[in-house]
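Participant: I'd like to go over a predicted model; first the sequence, then the structure.
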Amino acid sequence: MTVAAKVKSITSGLLRRRSADNVEKDQTHDQHVQNDEQEVFLPPLRPVALPKVLPSHQYALSEHGWTTVTYNEPTDNLHEASQALFQASQAFFDLPQSYKETFKTEIGSEEGWSRIEGEKELITLRCLGNTPKELKEAASAYWAEAGGLLNETLGRISESLGLPAKSLTQYSEPCAKLGSEKTATMLRLFRYEGFEGKESKTVAEPHRDLGLLSLVNGDTPGLEVWDRNVQKYYQLERTYARPAGSLLVGRQLERLSNGRYVSGGHLVRSYPEEITSDPTKPPKPSRPYRFSIVFVLRAHSPIPVDTDNLTTSITGPYKNPLRDITANELFSSIQSAHFNINTHIEEREVQRQRLAEQKRQLEETKGENEKAVEYQTVEAV
């Protein structure tokens, strides 16, 4: 039985939980901090049916920040679109580097093509204008399917909080299609290195995504998710016996839901090749790469954010309310507190040290009994 299947559904009674501030701290899977906690009693989430999520996997999304998207059988438009995009992305990454470099931008992993030696190569698509011709058709089709699914999912999440679906889908509907205008939402295609040797290799450090929701599809297993119950990483994609994707909660949604949906910690590994013990079977062909599609749904930048309009008996009062800001300002405040795992290793280390120094200085300004705000030194895929 998978970990997701073991998650107990909360269908009645009161939910005893920490304040939203401490929920954020509890999610630091790479550094746990003890705090004096103010306990808040809130009613459970309203039961909703998340699209393409099996009943046994429904509650994992709020409890752990991740769950499994199981494709319909015998055919599924989203699955078919992902397979077409895998083929297109593999063909693109096989092209000469001189051509791929024409899609580089000044904002690095936020848009365009980039490569991190020894880890991965990626291209981030945010509008048709900077999308290679080799990817336009497949990327547009996949974006429409994934955007539709995540928009519907966000509406169900809103209803689970006692809100109309529109309360949250207002942030996602403007990003439903890949068009001529750049959106906050993005589609990232990865080619990870490291399918050699006897040991697994981490090719994306532990992190949580910054946006609302992310949908991950891999051509081979590699995604591992943080299990809050046992406090270790779980090889989620290795449990898939049929075509499936992985759905992750991001930091924007955690903030907008007042911590009722926690952001999902995860990392990516390249596993060693399986060795068969049967000498009569031919060895499996070498796979130098793992390919991945990540659709990152972020709140549309100009939409205003006011948590007074999101407050219900289920969310409870927001410890740190948000008013008179835009979704872009919310994203920028979250982004500034985390280093970017998709930048070059040297720059990543500079960012890591800068954030550690900021945390140290902040702690020095606090009294003995007042804990500093936790700097979560992780970023988005």
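Facilitator: It's in.

Participant: Could I get the buried residue list for the lengthiest helix in the chain?
Facilitator: The residue-count maximum for a helix in the chain (DSSP state H) belongs to helix 136-160. Neighbour counts over helix 136-160 (16 or more other Cβ atoms under 10 Å) mark 138-160 as buried. Glycine gets a C-beta too; all of them are placed from N, C-alpha and C.

Participant: Same check on stretch 161-169?
Facilitator: Applying 16+ other Cβ under 10 Å to stretch 161-169 flags 161-163, 165, 167-169 as buried.

Participant: Quick check: which ranges of this protein have low pLDDT?
Facilitator: Across the chain, the ranges flagged by pLDDT under 70 are 1-39, 194-197, 273-287, 337-381.

Participant: What are the boundaries of the helices in it?
Facilitator: 3-6, 20-26, 60-64, 77-93, 97-100, 136-160, 166-169, 251-256, 327-335, 345-364.

Participant: just to revisit the earlier point, can you tell me which two in the buried residues of stretch 161-169 are farthest apart?
Facilitator: Gly162 and Thr169 (15.3 Å; Cβ to Cβ).

Participant: Would you tell me which one of the buried residues of stretch 161-169 comes nearest to Gly129?
Facilitator: When these are compared against Gly129 (criterion: Cβ to Cβ), the nearest one is Thr169, at 25.9 Å.

Participant: Count the neighbours of Glu181 for me.
Facilitator: Look at Glu181: counted by other Cβ atoms under 10 Å, it has 11 neighbours.

Participant: so what's it up against?
Facilitator: Cys127 (Cβ atoms under 8 Å, 6 or more residues apart in numbering).

Participant: go on, Gly147?
Facilitator: Counted by Cβ under 8 Å, 6+ apart, Gly147 has contacts 172, 175-177, 185, 295, 297.

Participant: from these, which would you call buried?
Facilitator: Members of those classed as buried by 16+ other Cβ under 10 Å are 172, 175-176, 185, 295, 297.

Participant: ok, back up a step: tabulate the buried residues of stretch 161-169 in CSV, adding columns for distance to Leu223.
Facilitator: Shown next, in CSV, are the buried residues of stretch 161-169 (distance: Cβ to Cβ, whole Å):
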residue, distance to Leu223
Leu161, 27
Gly162, 31
Leu163, 30
Ala165, 28
Ser167, 30
Leu168, 25
Thr169, 26
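
Participant: Specify which member of these is nearest to Phe93.
Facilitator: Once Cβ to Cβ is applied, the member of the buried residues of stretch 161-169 that ends up nearest Phe93 is Thr169, at 33.5 Å.

Participant: and that closest one, how far is that from Leu154?
Facilitator: 5 Å (Cβ to Cβ, to the nearest Å).

Participant: buried sites along stretch 298-318?
Facilitator: Going by 16+ other Cβ under 10 Å, stretch 298-318 has these buried residues: 298-301, 303, 305, 307, 310-311, 314-316, 318.

Participant: Looking at the residues you listed, which one is closest to Gly218?
Facilitator: Arg298 (21.1 Å).

Participant: so that closest one touches Leu187, yeah?
Facilitator: No - assessed by Cβ atoms under 8 Å, Arg298 is found out of contact with Leu187, at 11.5 Å.

Participant: Please name the residues that touch the closest residue to Ile325 other than its chain neighbours.
Facilitator: Spatial nearest neighbour of Ile325, excluding adjacent residues (Cβ to Cβ, 6 or more residues apart in numbering): Val305 at 5.3 Å. Residues near Val305 by Cβ under 8 Å, 6+ apart: 256, 299, 322-323, 325-327, 329-330.

Participant: Could you identify the most distant pair in the residues you listed?
Facilitator: Ala299 and Arg323 (15.5 Å).

Participant: any idea which of the buried ones among the contacts of Gly147 is the one closest to Leu122?
Facilitator: Phe295 (13.5 Å).

Participant: Share the number of residues neighbouring Arg242, please.
Facilitator: Using other Cβ under 10 Å: Arg242 sits among 8 other residues.

Participant: thought it was touching Asn72?
Facilitator: No - contact between Arg242 and Asn72 fails when scored by Cβ under 8 Å: they sit 10.4 Å apart.

Participant: could you pull out the strands for the stretch 151-300 of the chain?
Facilitator: Using DSSP state E, counting those that start in this stretch, the strands of the stretch 151-300 of the chain run over 186-193, 201-207, 213-218, 223-227, 232-234, 244-249, 266-270, 289-297.

Participant: Tell me which of those strands sits nearest to Gln90.
Facilitator: strand 289-297 (6.0 Å).

Participant: Give me the sheet partners of that closest one and which way each runs.
Facilitator: strand 186-193 (antiparallel), strand 213-218 (antiparallel) (DSSP bridges).

Participant: In CSV, list the C-alpha atoms belonging to that strand.
Facilitator: In CSV, the C-alpha atoms belonging to strand 289-297 read as follows (Å, rounded to 0.1, in the frame of the first residue of the first chain):
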residue,chain,number,x,y,z
TYR,A,289,18.9,10.9,-19.5
ARG,A,290,15.6,11.2,-17.7
PHE,A,291,13.1,13.5,-19.3
SER,A,292,10.5,15.4,-17.3
ILE,A,293,7.6,17.8,-18.0
VAL,A,294,6.7,20.2,-15.2
PHE,A,295,3.6,22.5,-15.6
VAL,A,296,3.9,25.2,-13.0
LEU,A,297,0.7,27.1,-12.3
